[in-house]
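Engineer: Structure, please.
(one chain, ligands or ions: 2)
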Amino acid sequence: MAKSRSKTSSHTTTPIIAIVNNKGGVGKTTTVAHIAYALQRRGKSVLAVDMDSQANLLMHFFPKKIVREEREGQTASAPNPLHHKSGVDVLALSFWQPSTSADFIRVIQHYAEEYDIILLDCPPSLEERTIAALDASESVLIPTEAEHFSVEGIKTLLAVLETRTVKILGILVTKFNKKTVAHTHLLNHLHNTYGDYMMQPVIAKSDTFVSASTQSMTAFEWNGTRKNAALEGYEEVAESILEYHIAQGK
Ligand SMILES: Nc1ncnc2c1ncn2[C@@H]1O[C@H](COP(=O)(O)OP(=O)(O)OP(=O)(O)O)[C@@H](O)[C@H]1O
Ligand SMILES: [Mg+2]
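Structural biologist: Numbering: from 1, shown residues only. Ligands and ions are numbered 1, 2, ... in the order given. Okay, the predicted model is just below:
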């Protein structure tokens with residue numbers, strides 16, 4: 001399953017997608033890990049970048065020893081990507097403290113030469129690191145829960161995003177339980193309010209994500225061939241990202 005780290009396509013414009021929501025715990029890191037895996041399984045070389053100083057993406061893919069080495073091994077120059085056995089490469093910028101946020105942008109854009117797609121896992125706030133991620137990206141994907149405060153928070157986030165040049169790829173509902181009446185109600189509300197911004201698949205609530213992350217693997221690897229609605233949702237999102245970029249000629 002491991003893929004080469006080199007770019008598989010001859011196109012020069014690599015999509016850089018920031019996964020953003022200033023609300024915490026809505027599934028940003030889980031979304032990055034699983035879309036990254038689904039895209040690399042479709043033959044793309046994918047770099048998943050951890051922009052968050054919590055380093056949850058790094059922790060999702062690698063055991064504590066590697067996380068400690070990354071934390072202690074920081075130098076003035078940016079770290080190198082780590083190769084995960086799933087085939088996804090992870091660049092942990094979590095502990096790196098460059099002198100200016102333009103350095104984040106420079107490093108991210110440098111890797112556009114080497115990968116087909118770059119996904120940025122952002123911190124749960126509109127801090128400097130998130131703004132750098134937005135400025136390095138051409139598009140953003142917004143995961144949200146179908147919860148009242150999450151839905152309200154999107155208004156503020158969209159207002160910030162609309163002041164920048166970044167394109168909004170879509171709003172993705174995560175941890176969705178179709179048996180929860182409030183979820184169905186809020187999903188309708190999201191569609192009525194944000195219309196075209198809404199991505200069609202929702203990501204079902206599933207315990208598989210917690211189990212997989214404790215084993216330093218994606219839920220795709222953890223689940224094997226067992227059917228899982230949440231993973232099917234992530235497959236669909238990966239597919240729509242590819243279709244979107246093919247339509248853009250990238
Ligand atoms: N579809 C899902 N079903 C059930 N649990 C999920 C799902 N998606 C994510 N989780 C769990 O929810 C928790 C938060 O997810 P995650 O870390 O991806 O959110 P986040 O937005 O990156 O958080 P933070 O804002 O702290 O960076 C994790 O324990 C994760 O395993
Ligand atoms: Mg996170």
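Engineer: thought residue 237 was touching residue 35?
Structural biologist: Yes. Contact criterion Cβ atoms under 8 Å: residue 237 and residue 35 qualify, at 5.8 Å. In short, each C-beta sits where N, CA and C put it, glycine included.
Engineer: shared neighbours of these two, anything?
Structural biologist: residue 141 (Cβ atoms under 8 Å, 6 or more residues apart in numbering).
Engineer: Let's verify the closest residue to residue 153 other than its chain neighbours: helix, strand, or coil?
Structural biologist: Excluding its sequence neighbours, the residue lying closest to residue 153 (Cβ to Cβ, 6 or more residues apart in numbering) is residue 23, at 4.6 Å. Three-state assignment for residue 23 (DSSP: H, G, I helix; E, B strand; the rest coil): coil.
Engineer: Which phi and psi values does residue 23 adopt?
Structural biologist: phi -80, psi 140 (degrees, to the nearest 10).
Engineer: Relative to residue 157, how far out is it?
Structural biologist: 8 Å (Cβ to Cβ, to the nearest Å).
Engineer: Which of the helices or strands spans residue 71?
Structural biologist: Take DSSP states H and E as the rule and residue 71 turns out to sit in helix 64-72.
Engineer: Which residues does the helix or strand just after that helix contact?
Structural biologist: Reading on from helix 64-72 to the C-terminus, the next helix or strand found by DSSP H and E is strand 82-83. With Cβ under 8 Å, 6+ apart as the test, strand 82-83 has contacts from 2, 5, 58, 61-62, 66, 70, 89-92.
Engineer: can you map out the helices along this protein?
Structural biologist: In the chain, the helices defined using DSSP state H lie at 28-41, 56-61, 64-72, 102-111, 128-136, 148-161, 181-194, 208-214, 219-223, 229-247.
Engineer: what's the angle from the fifth one to helix 102-111?
Structural biologist: Angle, helix 128-136 to helix 102-111, by axes from the mean of the first three to the mean of the last three Cα atoms, to 10 degrees: 40 degrees.
Engineer: Could you list every helix and strand in contact with helix 128-136?
Structural biologist: With contacts taken as 3 or more Cβ pairs under 8 Å, 6 or more residues apart in numbering; DSSP states H and E, helix 128-136 sits against strand 16-19, helix 102-111.
Engineer: on that earlier part again, alpha carbons only: can I get the helix holding residue 71 in CSV?
Structural biologist: Output of helix 64-72 as CSV, limited to C-alpha atoms (Å, rounded to 0.1, in the frame of the first residue of the first chain):
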residue,chain,number,x,y,z
LYS,A,64,4.7,8.8,21.5
LYS,A,65,8.4,8.1,20.9
ILE,A,66,8.2,9.8,17.4
VAL,A,67,6.2,12.7,18.8
ARG,A,68,8.8,13.2,21.5
GLU,A,69,11.6,13.1,18.9
GLU,A,70,9.8,15.6,16.8
ARG,A,71,9.3,17.9,19.7
GLU,A,72,12.9,17.7,21.0
